[in-house]
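Student: Quick one: sequence plus predicted model below, questions after.
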Amino acid sequence: MKPGDHPDFFRFPAPEGASRESTIVLDREGRFFHEGNLVEHPGLARAMHTWIRRHPDDGRFILSNGYDWTYITVEDAPFFVERVQLEGDRVWLQLSDGTREPWDPARSRVGPGGALYAPVKASLDGRPFDARFTRHAQVALAPLLREDGGDAVAVELGGERIRIGSDRGLDAEG
């Protein structure tokens with residue numbers, strides 16, 4: 001059992017001389033920075049993607065490895081769609097934390113700059129997280145995309161046309 005499994009884990013004070021606030025930033029491209037420097041070690045960056053959570057009391061983004069936790073700044077979305085895989089009539093999303101989820105285009109949205117976002121996972125409070133499609137993942141959807149009048153976009157899956165929503169913000173920090 002990890003300390004993070006204890007119900008009061010997120011309410012314990014920081015270790016003496018430490019703070020729960022950090023200078024860790026997850027940028028719009030899915031890269032972590034610490035004190036302004038890019039986290040270059042691929043294993044550490046991948047691990048950090050798996051540690052993303054919301055604090056259960058204040059809803060702010062945190063990193064938690066089960067033994068300790070700290071607040072982080074997320075510039076855009078906390079998760080990123082790195083790849084899409086078409087299997088029959090279903091699209092699967094490969095996320096930045098290494099997990100895989102089915103895509104629900106009807107719950108997705110087009111955000112600023114034409115970036116595509118999908119709700120993924122659920123935090124301790126049951127709210128989904130945003131996942132921003134990387135450029136590569138978004139381009140991989142091109143064969144499925146259809147114009148749906150004006151600025152609207154839809155995907156065609158299994159003979160069904162599903163409209164992608166407009167920017168309505170799934171994630172709100174704090």
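Tutor: The structure has been received and is ready for your questions.

Student: Now do the buried residues in the helix ranked longest in the chain.
Tutor: Determined from DSSP state H, the single longest helix within the chain is helix 42-50. Under the neighbour-count criterion of 16 or more other C-beta atoms under 10 Å, helix 42-50 has 45, 47, 48, 49 buried. Every residue, glycine included, has its C-beta placed from N, CA and C.

Student: With respect to residue 20, which of these is nearest?
Tutor: Distance to residue 20 across the buried residues of helix 42-50 (C-beta to C-beta) is lowest for residue 48, with 16.2 Å.

Student: was I right about the closest one contacting residue 31?
Tutor: No: judged on C-beta atoms under 8 Å, residue 48 makes no contact with residue 31 at a distance of 10.1 Å.

Student: any shared contact partners between those two?
Tutor: Residues touching both residue 48 and residue 31 (C-beta atoms under 8 Å, 6 or more residues apart in numbering): residue 39.

Student: Present the buried residues of helix 42-50 as TSV; the columns should include pLDDT and distance to residue 14.
Tutor: Formatted as TSV, these follow (pLDDT from 0 to 100; distance: C-beta to C-beta, whole Å):
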residue	pLDDT	distance to residue 14
45	97	24
47	97	21
48	98	19
49	98	23
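
Student: which one of these sits closest to residue 19?
Tutor: Nearest to residue 19 among the buried residues of helix 42-50 is residue 48, at 18.1 Å by C-beta to C-beta.

Student: Can you tell me the closest non-neighbouring residue to that closest one?
Tutor: Nearest non-adjacent residue to residue 48, counting by C-beta to C-beta, 6 or more residues apart in numbering: residue 32, 5.2 Å away.
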